[in-house]
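J.: Quick one, what's the 3D model for this:
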Amino acid sequence: MTNFRERVNAHLPVLLQLLSTASLVLIALSALCGSNSLKKMAEHHTGSPLTDQIHLDQTSHSN
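T.: I've put the predicted structure just below:
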C-alpha cells in the first residue's frame with residue numbers, strides 16, 4: 001500500500017497538465033468574448049454622426 005505522498009506525486013503531473021489545459025481554454029474563451037464585445041461596440045459607434053464628424057475634423061486638421 002502506498003502512502004499519501006507517493007499518491008500525490010504520482011498524480012501531480014496529470015493534475016498540473018489538466019490545470020494548464022483548462023487555463024488555456026479559459027484564456028481562449030475570454031479572448032473570443034472580448035473580440036465579440038469589441039466588434040459590437042465598433043458596429044454601434046460606426047453609425048454615430050458625432051464620431052463621423054470627429055473623424056472628419058481630425059483628418060482635415062492633419063492635412
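J.: check contacts around Ser37.
T.: By C-beta atoms under 8 Å, 6 or more residues apart in numbering, no residues touch Ser37. C-beta here means a position set from N, CA and C on the backbone, and glycine is covered the same way.
J.: how near is it to His45?
T.: From Ser37 across to His45, the span is 13 Å (C-beta to C-beta, to the nearest Å).
J.: residue ranges of the helices in the chain, please?
T.: Secondary structure of the chain (DSSP state H): helices at 4-46, 49-62.
J.: can you tell me which of these the model trusts least?
T.: Here the helices of the chain differ in mean pLDDT, and the lowest is helix 49-62 at a mean of 59.
J.: can I have stretch 24-41 written out in CSV, keeping just the CAs?
T.: This file holds the C-alpha atoms of stretch 24-41, laid out as CSV (Å, rounded to 0.1, in the frame of the first residue of the first chain):
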residue,chain,number,x,y,z
LEU,A,24,-5.6,27.9,-21.9
VAL,A,25,-9.2,27.1,-22.8
LEU,A,26,-10.4,29.8,-20.4
ILE,A,27,-8.0,32.3,-22.0
ALA,A,28,-9.2,31.4,-25.5
LEU,A,29,-12.8,31.8,-24.5
SER,A,30,-12.2,35.1,-22.9
ALA,A,31,-10.4,36.3,-26.0
LEU,A,32,-13.4,35.3,-28.1
CYS,A,33,-15.8,37.0,-25.8
GLY,A,34,-13.7,40.1,-25.8
SER,A,35,-13.4,40.3,-29.5
ASN,A,36,-17.1,39.9,-29.9
SER,A,37,-17.7,42.7,-27.5
LEU,A,38,-15.3,45.0,-29.3
LYS,A,39,-16.9,44.1,-32.6
LYS,A,40,-20.3,45.0,-31.2
MET,A,41,-19.0,48.3,-29.8
